[in-house]
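[1] Attaching a predicted model along with its sequence, questions to come.
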Amino acid sequence: MSTDQLTYVLLFFIGASLLLYVVLGGADYGAGILELLPSPDPEKQKKIVNSAMGPVWEANHMWLIIVVVMLFMGFPKAFQNLVVSLHLPLVALLVGIVVRGSVFAFRHYDAMATPISQKTYTVLFGFSSLWTSLWLGIIAASLFRGGIDMQTVDPYRAYIAPWWGLFPLAMGIFVVCNFAYLAAIYLIDETREAGLQKFFSKRALQFNVLVILTGGLVFLAAHLENNSLAVDFFTNPYAVACMVSATVLFGILWGSAKRHNPLLTRVTAAGQTALILFGWFILQAPNVMITKSGPLSFFAAAAPAATLWQLVLALLIGSAFIFPSLFYLIRVFKLSR
């Protein structure tokens, strides 16, 4: 296989891993965000979140780790630009991931738990979930706003300007709302208590509206920064088709929710998120980022073919173990409850 063909294979794995991280790990972040909001029964809500996330919360980070390894090994130039120019957002992201994972484990397994410690864990879990989600969105927007400058020696232009602005902030808020929306949808049928089901349904509807509003905010913020996102989006028929399809799915989703069909409801919500990601990928492809010097494509940043082939082989072999193991994990801890 040629370098370009191997790059296409790796792009598929990167896209699939990011999608799985968002629809699975993103919902975990959203569950923490929901705990920051008033609830009819905070203790029961906490138990539901612990039960829903407990078996898979660490497994979901696997997808992000896979993406990082693929960029490091398969696209070293892009990885270098990313970790240097977006060093501060990446550190903020990692701090959030570590704090969130630690307090979730302490809250669940603390042998000397007290009301004060449990409240502290819950607050930290919620805010670290919000914090991490926000930085994920900021990093995603920063890759494609043209602020990365690897030639400058000015500290501000090198480490702050690439991510500081309205567009990254708006994208971060959009991601927060999307994750909370996913979590609320997933959690509706994690309980049989009518009060909590109503609470999660209400939150899902609220964040449904916020996803739409903050999506518009992203376009507005990009326009204010003289970013051509809106023009590029509405002149791309495939991106528009993704947006229209995601909008149509709202009707299917709420219809299935009223009929108490949890599988269809969750799949539809995940499908909406997938369409949003597809639309974003379509707009940016084949670029991994846009710098002051111009776009940097995956093909230009690719490692030699021999390295790419080893990476593809490792991914194919790893997939044969990862997916059966993940299915077994979910079946044992979730479907057998």
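    Received it, and whenever you're ready, just let me know what you need.

[2] any weak-confidence spans in the stretch 1-150 of the chain?
    The model of the stretch 1-150 of the chain has pLDDT under 70 over residues 52-58, 111.

[3] What residues sit buried inside stretch 320-337?
    Leu326 (16 or more other CB atoms under 10 Å). From N, CA and C alone the C-beta is placed, and that goes for glycine too.

[4] can I get the CA coordinates of it in CSV?
    This file holds the C-alpha atoms of stretch 320-337, laid out as CSV (Å, rounded to 0.1, in the frame of the first residue of the first chain):
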residue,chain,number,x,y,z
ALA,A,320,-9.5,-7.8,17.3
PHE,A,321,-9.0,-7.6,21.1
ILE,A,322,-10.5,-4.2,22.0
PHE,A,323,-14.0,-4.5,20.6
PRO,A,324,-14.7,-8.1,21.9
SER,A,325,-13.3,-7.0,25.3
LEU,A,326,-15.4,-3.9,25.4
PHE,A,327,-18.5,-5.7,24.4
TYR,A,328,-17.9,-8.3,27.2
LEU,A,329,-17.3,-5.5,29.7
ILE,A,330,-20.6,-3.8,28.9
ARG,A,331,-22.5,-7.1,28.8
VAL,A,332,-21.2,-8.2,32.2
PHE,A,333,-21.6,-4.9,34.1
LYS,A,334,-24.5,-3.3,32.2
LEU,A,335,-26.8,-5.8,30.4
SER,A,336,-26.7,-8.3,33.1
ARG,A,337,-28.0,-5.9,35.8
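
[5] any idea of the mean pLDDT in that stretch?
    Average pLDDT, stretch 320-337: 73.

[6] Could you give the separation of that stretch from the chain centroid?
    Distance, stretch centre to chain centre, for stretch 320-337: 21 Å (CA atoms, centre = their mean, to the nearest Å).

[7] now swap in stretch 13-32 and tell me
    The chain centroid and the centroid of stretch 13-32 are separated by 5 Å under CA atoms, centre = their mean.

[8] and if you look at stretch 250-261?
    Relative to the mean C-alpha coordinate of its chain, stretch 250-261 is positioned 24 Å out (CA atoms, centre = their mean).

[9] Next, the buried residues of it.
    Neighbour counts over stretch 250-261 (16+ other CB under 10 Å) mark 253-254, 256-257 as buried.

[10] quick one: contacts for Asn287?
    Listed by CB atoms under 8 Å, 6 or more residues apart in numbering, the contact partners of Asn287 are 144, 295-298.

[11] Buried among those? Need that as a selection in PyMOL.
    Remark: buried members of the contacts of Asn287, expressed as a PyMOL selection using 16+ other CB under 10 Å:
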select buried, resi 144+296+297+298
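
[12] now the contacts of Asn287 in CSV, with distance to Ala305?
    Below are these laid out as CSV (distance: CB to CB, whole Å):
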residue, distance to Ala305
Phe144, 27
Pro295, 22
Leu296, 19
Ser297, 16
Phe298, 14
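
[13] closest to Phe75 among the buried residues of stretch 250-261?
    The shortest approach to Phe75 among the buried residues of stretch 250-261 belongs to Leu253, at 35.6 Å (CB to CB).

[14] so what does the top helix by length along the chain touch, helix or strand wise?
    Longest helix in the chain, counting residues (DSSP state H): helix 194-224. Helix 194-224 sits against helix 42-53, helix 166-187, helix 229-234, helix 237-258, with contacts defined as 3 or more CB pairs under 8 Å, 6 or more residues apart in numbering; DSSP states H and E.

[15] by contact count, what packs against the last one?
    To tie it back to what came earlier, the one meant is helix 237-258. The contact analysis (3+ CB pairs under 8 Å, 6+ apart) places helix 237-258 against helix 194-224, helix 229-234, helix 262-284.

[16] so can I have a markdown table of these showing distance to Arg331?
    Shown next, in a markdown table, are the helices and strands packed on helix 237-258 (distance: least, CB to CB, whole Å):
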| stretch | distance to Arg331 |
| --- | --- |
| helix 194-224 | 24 |
| helix 229-234 | 40 |
| helix 262-284 | 14 |
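
[17] and of those helices, who's closest to Leu86?
    Closest among the helices and strands packed on helix 237-258, once you apply CB to CB, is helix 262-284, at 15.6 Å.

[18] List the buried residues of that closest one.
    Buried residues in helix 262-284, counted by 16+ other CB under 10 Å: 265-284.

[19] Now do that helix against helix 237-258, angle only.
    Interaxial angle, helix 262-284 versus helix 237-258 (axes from the mean of the first three to the mean of the last three CA atoms, to 10 degrees): 170 degrees.

[20] just how off-centre is helix 262-284 within its chain?
    Offset of helix 262-284 from its chain centre (CA atoms, centre = their mean): 11 Å.
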